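Trainee: got a predicted structure here, sequence first:
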Amino acid sequence: MNTPRVYQRTAARNEIAAVVDGWRAHDLRFLYFESVDRIELVAYRTPSQDWAHGRAFGAELEVRWTWNGATFDVLLLTEKNWADLAGWTLRQTFDAAPDDFRVRLWGTQRKYLAPYHRLYQAESAAAEWVETRLPQVLVYPQPDKPRHVHLRGLTYRAAGVPAFTRWQAVEGSNE
């Protein structure tokens with residue numbers, strides 16, 4: 001595996017969709033975004049300029065953006081070395097290979113809840129997960145509706161201290 005790298009740039013509100021979508025050919029498969037009224041984790045689609053924060057990711061790279069009040073601050077996290085990225089600046093490289101991580105996301109798919117649970121649905125048509133401590137169902141980009149959903153990624157470390165986490169995939173499991 002190559003050395004982890006973080007590139008950065010800024011983007012105007014009307015540019016952010018094109019900047020992120022420009023990496024679509026590099027296997028962007030998932031999209032996490034935050035807006036005024038919701039937070040979602042979905043299969044990749046072109047982002048909206050109205051989202052204050054987001055992460056588009058896949059096996060090869062992650063593009064993340066945050067609105068700073070005037071422009072978007074955009075980061076590209078990858079293990080590939082792109083010698084000439086127009087508009088991007090190399091912000092940081094890391095000495096060590098990244099560490100893998102896997103985090104289980106909240107919720108259990110409805111069909112795996114106890115039959116007496118009020119939200120149980122034996123043949124749930126929707127890909128919905130329930131966490132009783134949250135007041136709404138959760139939706140993840142997992143059409144096979146596994147029992148649990150995990151986020152897989154890499155941790156970039158500087159001098160042994162975690163500096164960035166790069167998300168790679170949303171995976172299901174029945175464990």
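Mentor: Perfect, thanks for sending it. Numbers count the residues shown, from 1 in each chain.
Trainee: neighbours around E79, how many?
Mentor: For E79, the count of nearby residues is 17 (other Cβ atoms under 10 Å). Just so you know, the C-beta spots here come from the backbone N, C-alpha and C atoms, and that holds for glycine as well.
Trainee: ok, now R13?
Mentor: R13 sits with 12 neighbouring residues when counted by other Cβ under 10 Å.
Trainee: residues contacting it?
Mentor: Going by Cβ atoms under 8 Å, 6 or more residues apart in numbering, R13 touches 49, 67, 71-72.
Trainee: ok, and the residue nearest to D21 when sequence neighbours are not counted, which helix or strand is that part of?
Mentor: Distances taken as Cβ to Cβ, 6 or more residues apart in numbering place T46 nearest to D21, at 5.0 Å, with adjacent residues excluded. Here T46, judged by DSSP states H and E, is contained in no helix and no strand.
Trainee: and if you look at A163?
Mentor: Following DSSP H and E, one finds A163 within strand 161-173.
Trainee: that strand: which residues count as buried?
Mentor: Neighbour counts over strand 161-173 (16 or more other Cβ atoms under 10 Å) mark 164-168, 170, 172 as buried.
Trainee: for the residue nearest to D21, what are its contacts?
Mentor: By Cβ under 8 Å, 6+ apart, the residues touching T46 are 17, 20-21.
Trainee: and if you look at R24?
Mentor: Y44.
Trainee: backbone dihedrals for it, please?
Mentor: Per-residue torsions, R24: phi -60, psi -40 (degrees, to the nearest 10).
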